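In: Attaching a predicted model along with its sequence, questions to come.
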Amino acid sequence: MGKITGFMEYDREVRGKLPVAERIKSFREFDIPLPEEHLKQQGGRCMDCGVPFCHWGCPLGNDIPDWNDMVYKGFWRDAVEALHATNNFPEFTGRVCPAPCEAACTLGINCDPVSIKLNEVSIIDRAFEEGWIKPMPPGVRTGKKVAVIGSGPAGMAAAQQLNRAGHEVTLFERADRFGGLLMYGIPDFKLEKRLVQRRVNQLAEEGVILKPNTYVGVNYSVDDLRNNFDAVCLSGGSTRPRDLNVAGRELKGIHFAMDFLLQQNRRNLGDKLDPASDITATGKRVVVLGGGDTGADCVGTSIRHGTESIKQLEILPKPPLERREDNPWPEWPNILRTSTSHEEGGERIYSVLTKSFYGEGGSVKKLRCIKVGWTKDSKNHWQMREIPNTEFEIDADLVLLAMGFVHPEHDGMLKDLGIDLTERGNVKVDCNMMTNVPGIFAAGDMERGQSLVVRAISSGRSAAEKINRWLMDDIDII
């Protein structure tokens, strides 16, 4: 390593942020980059640990110690080559990944871990600024045609890898823009859409055929899919949101979180929305059901709308501030996390179950809730119980359901193709990521269930490798 004692000499640093009062005035990203000398010091904190557990923590298996060392030495162009060797889109993961690599960092056993995510995003941002990122079309074509259905992070990664292997790749997207969750789910203040479109443009320049507004099974038949392609990669994501079927669910003002976030991203892109179906938090008492990242995104978006008040309810208990004994390093730490959206305002309430909604004039006005407790049964499984005499009400004009997703959509494409599903309703695949239908593979959330962007990219890359081997009779050219 370039600085063997760096972890003892330099404190951990991350990017600064604009003050809350300033950043909530817009939907722009608000991180403040560090000077180059500080970035080098952060690269120098990567210790010569012998066994780099950051590899174990990273779903992509990034060569983290290598590019940390390159950052320390100022070899930025080498660093981006090392970064791209395992990650197609580090500017996405460098912004929205929760950094399981840092949780597994050996230095993190008894000290602040290396700022891996900072180094990752700094490398790729500089590479784009310097003009080092160029299209990489294949030198030769194999004559094989592959369809990739769904253009989220898994589909984009699979399409790029398969195209670079020389196959003719068509990327299908049912929406009008490509990127899936990256384009229409994650708020701009976490990931500006120009960054997503920049990679979409790169795919096109490399030769990927882009088909927007193409809904396979609706306006593009599965028969055409079978007849026109040698292989298919299903990467449509886990898009069926978890609902809350309680009394009053039909009231106006109760929406799925993704509908709310999608609309705001469209506004930021300049799209005109139908006023009759417009969802805004301006001047409203907002309640978000669900304590995950999507719920936090709703909090940050609502604050930027000018909400009167906002509460985020979580059915699970409040996590501890530090690791418990049964959650040791290098496991992912189940601890309390405060996102940038939580820094901006709102209240988080834990161990709460919503029992019903109450409305006036057909619109929601209150949530009726009860406190819950959690205990383990004889099989060490967590069991929830309602706590008697703890009922309470919360005023609300807008309720956003951010309780996750259950599985991909079954009707249409999957049903028409005859794809087998798992017990959880996801697409069932074998060890080669192939479904029960020969030549049809699956990747990303559609196959594994709702997960992280970094896992989706990893899954897309893996599926591309399996598809390439199947098409080329086990010849590895990726």
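Out: Thanks, I have it. The structure presented is a predicted model; accordingly, all values stated were derived computationally and were not measured.
In: Quick check, pLDDT for the spatially closest residue to residue 6 that is not a sequence neighbour.
Out: Nearest residue to residue 6 in three dimensions, chain neighbours excluded: residue 44, at 3.3 Å (CB to CB, 6 or more residues apart in numbering). Backbone N, C-alpha and C define where each C-beta goes, glycine included. Looking at residue 44, its pLDDT reads 96.
In: Check the burial of residue 44 by counting its neighbours.
Out: The burial count assigned to residue 44 is 23, neighbours taken as other CB atoms under 10 Å.
In: again with residue 21
Out: Residue 21, neighbours per other CB under 10 Å, totals 8.
In: what domains does the record give for this protein?
Out: The chain is divided into the following domains under automatic domain parsing: 6-130, 145-239+406-471, 243-403.
In: before we move on, back to that, I'd say the residue nearest to residue 6 and residue 8 touch.
Out: No - if you go by CB atoms under 8 Å, residue 44 and residue 8 don't touch, sitting 10.4 Å apart.
In: Any chance of CSV for the domains of the chain, columns distance to residue 139?
Out: Listed next are the domains of the chain as CSV, based on distance: least, CB to CB, whole Å:
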stretch, distance to residue 139
domain 6-130, 18
domain 145-239+406-471, 8
domain 243-403, 36
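In: out of the ones you listed, which comes closest to residue 137?
Out: domain 145-239+406-471 (4.7 Å; CB to CB).
In: so where do the helices sit in the stretch 251-400 of the chain?
Out: 257-268, 293-305, 340-343 (DSSP state H, counting those that start in this stretch).
In: Now the shortest one: buried residues?
Out: The one in question is helix 340-343. Residues of helix 340-343 classed as buried: 340-342 (neighbour count, 16 or more other CB atoms under 10 Å).
In: With just CA atoms, put the longest helix seen in the chain into CSV.
Out: What stands out as the longest helix in the chain, according to DSSP state H, is helix 453-471. What follows is helix 453-471, C-alpha atoms only, in CSV (Å, rounded to 0.1, in the frame of the first residue of the first chain):
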residue,chain,number,x,y,z
VAL,A,453,-28.7,-1.0,-6.9
VAL,A,454,-25.3,-2.5,-6.4
ARG,A,455,-26.7,-6.0,-6.2
ALA,A,456,-28.8,-5.3,-9.4
ILE,A,457,-25.7,-4.3,-11.3
SER,A,458,-23.9,-7.4,-10.0
SER,A,459,-26.8,-9.6,-11.0
GLY,A,460,-27.0,-8.0,-14.5
ARG,A,461,-23.3,-8.6,-15.1
SER,A,462,-23.6,-12.2,-13.9
ALA,A,463,-26.6,-12.9,-16.1
ALA,A,464,-24.7,-11.4,-19.1
GLU,A,465,-21.8,-13.8,-18.4
LYS,A,466,-24.2,-16.8,-18.2
ILE,A,467,-26.1,-15.8,-21.4
ASN,A,468,-22.8,-15.3,-23.3
ARG,A,469,-21.6,-18.8,-22.3
TRP,A,470,-24.9,-20.3,-23.3
LEU,A,471,-24.9,-18.6,-26.7
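In: avg pLDDT for that helix?
Out: 98.
In: Against which helices or strands is that helix packed?
Out: If you count contacts as 3 or more CB pairs under 8 Å, 6 or more residues apart in numbering; DSSP states H and E, helix 453-471 packs onto helix 90-96, helix 153-164, strand 231-234, strand 440-442, helix 445-448.
In: which one of the ones you listed lies closest to residue 333?
Out: Between the helices and strands packed on helix 453-471, helix 90-96 lies closest to residue 333; by CB to CB that is 18.5 Å.
In: pLDDT averaged over that closest one, what's the number?
Out: For helix 90-96, the per-residue pLDDT values average out at 98.
In: now stretch 161-178
Out: Taken as a whole, stretch 161-178 carries a mean pLDDT of 98.
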